[in-house]
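Fold the following, please.
(one chain, ligands or ions: 1)
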Amino acid sequence: MATLFAGDARTAIIASLSLCGAAVAVYYAKRSTVKLPLPPGPSGLPLIGNALDIPAENFWLKYKEWSDQYGSDVIYLSIMGNPVVVLNSLAACKELLETRSSIYSSRPNMPMMNELIGFDWHFGFMPYGDEWKGTRFNFLIVAKFVTHFSVEERRKMFQQVFHPTRTEFYRPKLLKAVRNFLIRLLDDPKDYFAHCRLLAGAFILDVTYGIDVKNEDDIYIAQAERGMAAMAAAGTASSYMVDFFPSLKYLPSWLPGAQFKREAKAWRKDVTAMPRDCLRFVEDGLASPSVPFAVGLEILISTNRNGGIPGRVWPPYCSRSLKNMMMITKRRRELFMTYLDPSGSDTTVSSFKTFFLAMAQNPDIQKKAQGAVDKVVSELGRLPDFTEYGTLPYIEALVREVLRWRPVTPIAVPHQVTQDDVYHGYHIPADSTILPNAWAIAHDPALYGPNPGVFDPSRFMNASQTEINHDMPMGYEAFGYGRRICPGLHIAVESVWLFAVSVLAAFNVKPADGESESENFGKYTSGMLIHPYPFELRIVPRDPDAEAMVRSYD
Ligand code: HEM
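Numbering: from 1, shown residues only. As a prediction, the model looks like this:
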C-alpha cells in the first residue's frame, strides 16, 4: 500500500516545487559548512533528489542493493531536500540507535500520520522528549500530578507493572484468547485469517482495557483494524509527499492533487475514536465495583501512593485513582490509555499468518515441530500452556524464524537524529530520518547463516540440534532498536509461541488444492507493516483426541 507517491501526490510534487527551492537552498547551505562527506548513495535528480529512485514496493530490497553497490552499510538519500539515512547492518543500528541513542531516538515529523490522520495521541510516533517519556513510562501520566513521586520511584513502578516477568498480567488472558481461537478453527477453518485477527485484537483489548470482545464484528476491533490500515500506509514517513512538504497539509481536500487529504479524513474518524472510546470504557469500569482486571487499571492503581495492589480491593483504590485521573487533562488521559494500544495486535497477526504460511510451505518442518511438541505434552492429556514455555527449544527456534524470515516491519519505524553526527567518517546531518533496514539485517547471512531466504528454524539451534544457539542474535530485528525498541516485544514473542505450539499440537496444516500454484501464494503486501496476501489452507484436527482436547475448553 505504501508508495512514495500515494494518492495523487505526483500532482502535488509539481505544485510544491516552488517550496522545494527554498528548502533545498537552506539544506545545501548547511551541508556546505560540513567538511566530511555524506554516506554514499544514488545521486538523484536536482530538487527532487532520489524521490523517483525509490520503488513503490519492497523498498527495503532496493536499500540493501544500494548498500552492496556502494560498499557501505549506511547509505544516504535525499528526498525533496530531506536527508534520509538508511542503516543496513546490525552494527550500524547498534552503534547509532543504541550506543548513541540520546540523539537517535526521535521520530521524523509525520504530518500525514500525526496531524492529518490523527495519530498524534500515539506515543510511537511522538518526537523524543518529555511527552514521549511520560507516555512510555505511562505511570507518569498519573504520577506527574502527584508530585511527590521521584523519577526513581516512577521508574520502579514501571518496572513492577510492565516487567517481562510479570506474566500474570497477560498470560491467562492470552491463553483464553488462543483456546477460543482453536475452537473457531475447528468450527470454521477456512476463515482462519479472520480468527487470527480476532484473537490478537481481543487479547490486546482485554489485557489493556478489560474489554471483552465476543466476535469479529466488535466495534473496537473494527475501529482498530481501520486505524491500523492507516498506520501501515502512512507510518514509513516517506509514503506521502506531505511528509516532505508539511505545508501541503493546507491544500483544500477538493483539489485534484489532494487525494491524500481525502484519505486522511476517512481514516481520521476511527483513529481519533480509538483512544477516546477505550478511555471511556475504562472510566466507566472504574465506577463499577466489578471492574474487570486490566493492565491499564493496574497501573492506575499502582500509581496511587497509599493504595498499592495487595488483594486488589478495587473500590477504594478505584475511586481514588478516578479522582487522580479526573485531575489530569483529557489529552493526558487519552495518552495514558495508549500504553498498550491495539497497534500491537496487527503486527502479531502478521506473524500468526506467517506461521501458517511457513507450515503450509514446509511440511517436513511442521512434522518435526509437531514431534517436538508431542514429546512434551502427549502424556499430559492436555494442550500445551505456559508450563511448557522454555522447555521446547525447537519451537523457540521456530518462533524466532517466523519473526526473522518475514520481519513484520521491514524498516521498523523511522527514527530521527537530533544533531549532526559522524559515523565511519561520514557526516550524518541533524534532522535526518533514520531508517533501520530490519529486512536486510534479518537476511544477513553473516548473522543468520546461509540461505537466509529459506525458512529453517534449525539455523537457531546449536550444532547438535539439541538447544538454542545462544551465540546467535535472536531474530528480533522487526522490533526496532535502542530507546524506542518495541515495548510489546515479550508479549508478542509469547503470543506467537503459544499460538504456534497450540496449533501444532492440535492441527495439520496444508495448502488447499491448487493453492501452491496460485500467483499470490507466499507474496506479501508492502508498507510499514507487511502481511501475506490471503491464501487458502486445509486445517484439520490431527486426530479425534486432538479435537476432543480443543473442545474441552469450550
Ligand atoms: C510481532 C509483533 C510486533 C512487532 C514486529 C513490533 C514492531 C515494533 C517496532 C519496529 C517498533 C518501533 C521500534 C523503533 O522505533 O525502533 C514498535 C514500537 C512500539 N510497539 Fe511494537 N511490535 C509488535 C508487537 C507489539 C505489541 C504486542 C505491542 C503492545 C502490547 C506493541 C506496542 C508498541 C508500542 C507502544 C510502540 C511505540 C514505542 C515507542 O515509540 O517508544 N508492539 N513496535
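
Now tell me which helix or strand of the chain has the poorest mean pLDDT.
Lowest on mean pLDDT, DSSP states H and E among the helices and strands of the chain sits helix 139-143, with a mean of 35.

Might you list the low-confidence residue ranges for the protein?
For the chain, applying pLDDT under 70 flags the ranges 1-34, 123, 130-169, 279, 282-344.

Show me how the record splits it into domains.
In terms of domains, the chain is parsed into 155-306+317-339, 343-407+447-552 (source: the TED database).

okay if I get these as a markdown table plus mean neighbour count and distance to the ligand?
Just so you know, the C-beta spots here come from the backbone N, C-alpha and C atoms, and that holds for glycine as well. Putting the domains of the chain into a markdown table (neighbours: other C-beta atoms under 10 Å; distance: least, C-beta to the nearest ligand atom, whole Å) gives the following:
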| stretch | mean neighbour count | distance to the ligand |
| --- | --- | --- |
| domain 155-306+317-339 | 19 | 6 |
| domain 343-407+447-552 | 19 | 2 |
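
Now render those as JSON lines, adding distance to residue 425.
What follows is the domains of the chain, written out as JSON lines (distance: least, C-beta to C-beta, whole Å):
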{"stretch": "domain 155-306+317-339", "distance to residue 425": "26"}
{"stretch": "domain 343-407+447-552", "distance to residue 425": "22"}
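
And the ones you listed: which comes nearest residue 64?
Of all the domains of the chain, domain 343-407+447-552 sits nearest to residue 64, with 11.3 Å by C-beta to C-beta.

So what's the gap between that closest one and the chain middle?
17 Å (C-alpha atoms, centre = their mean, to the nearest Å).

Please shift the residue numbers so they start at 43 in all later answers.
Renumbered: residue one is now 43, and that last one reads domain 385-449+489-594.

Do a quick rundown of the strands in this protein.
Ranges of strands in the chain, per DSSP state E, are 116-121, 124-129, 457-458, 463-465, 468-470, 475-478, 549-553, 579-583.

Contacts for the fifth one, please.
So the one you mean is strand 468-470. The contact list for strand 468-470, computed with C-beta atoms under 8 Å, 6 or more residues apart in numbering, reads 76-81, 114, 116, 118, 127, 138, 459, 462-464.

Taking the residues you listed, tell me the two that lie furthest apart.
Maximum pairwise distance in those, criterion C-beta to C-beta, is 20.3 Å, between 77 and 138.

In terms of neighbours, single out the busier of those two.
It is residue 138, of residue 77 and residue 138, that has more neighbours when counted by other C-beta atoms under 10 Å, with 24 against 6.

Apart from its neighbours in sequence, what residue is nearest that one?
Nearest non-adjacent residue to residue 138, counting by C-beta to C-beta, 6 or more residues apart in numbering: residue 146, 5.1 Å away.

Then residue 416?
Setting aside the residues directly before and after it, residue 416 is nearest to residue 547 in space (C-beta to C-beta, 6+ apart), at 7.6 Å.

Spatially nearest residue to residue 303, not counting backbone neighbours?
Leaving out its chain neighbours, the residue that sits closest to residue 303 by C-beta to C-beta, 6+ apart is residue 295, at 4.3 Å.

The lengthiest helix in the chain - contacts with which helices or strands?
Determined from DSSP state H, the single longest helix within the chain is helix 301-328. Judged by 3 or more C-beta pairs under 8 Å, 6 or more residues apart in numbering; DSSP states H and E, helix 301-328 is in contact with helix 51-74, helix 234-251, helix 261-276, helix 337-344, helix 356-369, helix 372-378.

That helix: how far from the chain's middle?
19 Å.

Identify the residues contacting residue 520.
389, 445, 449-452, 454, 480, 484.

And for the residue nearest in space to the middle of the chain, nearest residue in space, chain neighbours not counted?
By C-alpha atoms, centre = their mean, the mean C-alpha position of the chain lies nearest to residue 389, the distance being 4.9 Å. The shortest distance from residue 389 to any non-neighbouring residue, by C-beta to C-beta, 6+ apart, is to residue 450 (4.8 Å).

can you tell me how far the one you found sits from the ligand?
Applying C-beta to the nearest ligand atom, to the nearest Å, the value for residue 450 to the ligand is 4 Å.

And for residue 130?
Residue 130 sits 15 Å away from the ligand when distances are taken as C-beta to the nearest ligand atom.

In this structure the residue nearest to residue 389 contacts residue 570, no?
No: checked against C-beta atoms under 8 Å, the pair residue 450 and residue 570 is beyond contact range at 9.5 Å.

so what's the nearest residue to residue 541 once chain neighbours are set aside up against?
Nearest residue to residue 541, sequence neighbours excluded (C-beta to C-beta, 6+ apart): residue 394, at 5.5 Å. Residues near residue 394 by C-beta under 8 Å, 6+ apart: 238, 241-242, 538, 541.

What of residue 258?
Residue 258 makes contact with 236, 239-240, according to C-beta under 8 Å, 6+ apart.
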